[in-house]
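Trainee: Let me see the structure of the following:
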Amino acid sequence: MFMNVKYRQRIPLAIIVGSAVSGVFTWACSSSTEDGATVGDQTPSEQPRNTRSDADAGEGDEVPEDRDASKGPDGGAIGDASDDDAENASDGDAQDASDEDVTYVPDGGGEAGTVADTIVQISAGKGSPGRSYACATASTGRVYCWGSGGRLTPTPVDDLADAVEVSSGERHTCARRASGNVACWGENWGLIGDGTTEGRPLPTEVFELTDAVEISVGLRHSCARRASGAVMCWGNNDPWGMLGNGSTDPSLIPVPVDGLTDAIQIAVGFSSTCAVRITGEVVCWGKNDAGQLGDGTRVDRLTPTAVSGLTDVKQVAVGFNHACATRTDGDVWCWGGNTTGQLGNGTRTSSNTPTRASITNAAKVSAGSQSTCVAQGSGSVLCWGSGASVGDGVFTAHPYPTIVANIFDAVETSVGVLPVCARLASGEVRCWGDNRDGAIGTGTTNDQWTPAPVIGLPGSPEDATDAGP
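Mentor: As a prediction, the model looks like this:
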């Protein structure tokens, strides 16, 4: 049964907001067949450079599928089609059959880059090749998205002018309004949280969620932190329990995470979720095949479970099968899968408990499919893991944190499956990585292995041009 039985009777017969389906909304159909950088004690010459191969996979990890050799220096890519296919196969029971062969693209309308404005938040999507995109929130409340569906530069989302935060998934996107309401759009087998399974091309209100102070979107589920510290989640929940309510039943509307009433920050990954409690402890739940819950086991958890031995945490980020946390002292600790060195400890050995990354002075960490990035207090950005995401122009796996080229004043990073983006203090956004879907925002589909300005966003240089090959 798809509907969470406990909440079935609360659903109104119709919960639809916004106007009629916009003519500019695009459907993309897939085939039915289908402070100075500190990097531990190692000098750059001592940091190992490893190329990817099937032999590198292990301990529950998978090596991302290679792409055509014409698309990158070593003929490889960060694209995790093999990972995503596995996710789709596992999650298939919860999907609405009419949605399976359809991908929603972030909605757009009007002229991009015409608002004298500042970008205040970014979100790189978790979509696999063919569905990758990124979004940004502007100080005026507009949300801009680009990527999947042929949008090579940012376009504003229709019917959304009061957003303060956006979170990008694969087939759906959510925005938090200034009022505390949450609106989502895209494909829908519970992803929108409006009590239906009807796809929504325009932002649609999540059912009875009016006091959200933070949102986070995953591949098949979403969560919001309420002002009280409680956490609500909705969407798919089978078979790993990523909604955290003690069951594996999916829910079309938000349900409370069991026993979590004091969260100060949340992060939704691909099939797992974590939260920082007011005590500085971290709890996680959901899929745990690579140790991404950090509790010392590889047992899936249906309710929040404490990450072993981790305290004084101020922020957590969750990727495909790993997670990282920033502590108040500026150290970063990571756990879970480590095929491409995404734990940042100089190895490729996965860990069921937190291990310290070779970095200090971290302000905020972001985790993606096979990589991790940190914005330091100095404004530098360091990344590690898949070579496509590190941003230093060297296309090999980086098990140590590596300085991203030409970024000196970053305040935030966001790592997706294909794109990686950084927001600068000026409000400018720069992205890099695999650009087959245009998610780098340079106006082309040329891959970009070092940061390039996103064209047409508020704060972008007026003379910004594609720096790609």
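
Trainee: ok so Ala388 is a helix residue?
Mentor: Yes - the assignment for Ala388 by DSSP: H, G, I helix; E, B strand; the rest coil puts it in a helix.

Trainee: since we're on Tyr144, how many residues are nearby?
Mentor: 30 (other C-beta atoms under 10 Å). In this view, the C-beta of every residue, glycine as well, is placed from N, C-alpha and C.

Trainee: give me the low-pLDDT residue ranges for the protein?
Mentor: Per-residue confidence for the chain (pLDDT under 70) gives these ranges: 1-116, 462-469.

Trainee: again, 80 this time
Mentor: 1-116, 461-469 (pLDDT under 80).

Trainee: Would you map the helices across it?
Mentor: 81-91, 387-390 (DSSP state H).

Trainee: so what does the last one touch, helix or strand wise?
Mentor: Using 3 or more C-beta pairs under 8 Å, 6 or more residues apart in numbering; DSSP states H and E, the elements in contact with helix 387-390 are strand 371-376, strand 381-385, strand 398-403, strand 429-433.

Trainee: could I get that helix in PDB with only the CA atoms?
Mentor: The C-alpha coordinates for helix 387-390 follow below in PDB (Å, rounded to 0.1, in the frame of the first residue of the first chain):
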ATOM      1  CA  GLY A 387      38.700  13.200 -10.700                       C
ATOM      2  CA  ALA A 388      35.800  14.600 -12.700                       C
ATOM      3  CA  SER A 389      34.600  16.500  -9.700                       C
ATOM      4  CA  VAL A 390      37.800  17.800  -8.100                       C
END
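
Trainee: Thought Arg301 was touching Leu293, still the case?
Mentor: Yes - using C-beta atoms under 8 Å, Leu293 makes contact with Arg301 at a distance of 5.7 Å.

Trainee: which residues touch Leu302?
Mentor: Gly241, Gly244, Asn245, Gly246, Ser247, Thr248, Trp285 (C-beta atoms under 8 Å, 6 or more residues apart in numbering).

Trainee: Look up which residues are beta-bridged to the nearest residue to Pro203 once chain neighbours are set aside.
Mentor: What sits nearest to Pro203 in space, not counting adjacent residues and going by C-beta to C-beta, 6 or more residues apart in numbering, is Ala183, at 3.7 Å. Bridge pairing for Ala183 (DSSP bridges) gives the partners Ala175, Glu205.

Trainee: The closest residue to Gly169 other than its chain neighbours bridge partners, please.
Mentor: Sequence neighbours aside, Val217 is the residue nearest to Gly169 in space, at 4.2 Å (criterion: C-beta to C-beta, 6+ apart). Judged by DSSP bridges, the bridge partners of Val217 are Ser222.

Trainee: switch to numbering from 9
Mentor: Will do, 9 is the new start, and the previous item becomes Val225.

Trainee: my read: Val225 touches Ser176, true?
Mentor: Yes - using C-beta under 8 Å, Val225 is in contact with Ser176, at 6.4 Å.

Trainee: Check the contact lists of the two and give me the overlap.
Mentor: Contact criterion C-beta under 8 Å, 6+ apart; residues shared by Val225 and Ser176: Ser131, Lys134.

Trainee: who's more crowded, the two?
Mentor: For Val225 versus Ser176, neighbours defined as other C-beta under 10 Å are more numerous around Ser176 (29 against 26).

Trainee: My read is that Trp440 contacts Pro459, right?
Mentor: Yes - using C-beta under 8 Å, Trp440 makes contact with Pro459 at a distance of 4.9 Å.

Trainee: Same drill for these two, tell me which one is more crowded.
Mentor: Trp440 (30 against 25).

Trainee: Spatially, and excluding backbone neighbours, which residue is closest to Ser359.
Mentor: Closest residue to Ser359 apart from its sequence neighbours, by C-beta to C-beta, 6+ apart: Trp343 at 5.2 Å.

Trainee: re the thing from before, what residues do Trp440 and Pro459 have in common as contacts?
Mentor: With C-beta under 8 Å, 6+ apart, Trp440 and Pro459 have common neighbours Gly399, Val412.

Trainee: Using a markdown table, please lay out the helices and strands packed on helix 395-398 together with distance to Ile286.
Mentor: As requested, the helices and strands packed on helix 395-398 are exported to a markdown table (distance: least, C-beta to C-beta, whole Å):
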| stretch | distance to Ile286 |
| --- | --- |
| strand 379-384 | 23 |
| strand 389-393 | 28 |
| strand 406-411 | 29 |
| strand 437-441 | 32 |
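
Trainee: For the closest residue to Asp246 other than its chain neighbours, which residues are in contact?
Mentor: Distance criterion C-beta to C-beta, 6+ apart; nearest residue to Asp246, sequence neighbours excluded, is Thr256 at 4.7 Å. Neighbouring residues of Thr256 by C-beta under 8 Å, 6+ apart: Asn245, Asp246, Pro247, Trp248, Gly249, Leu310.
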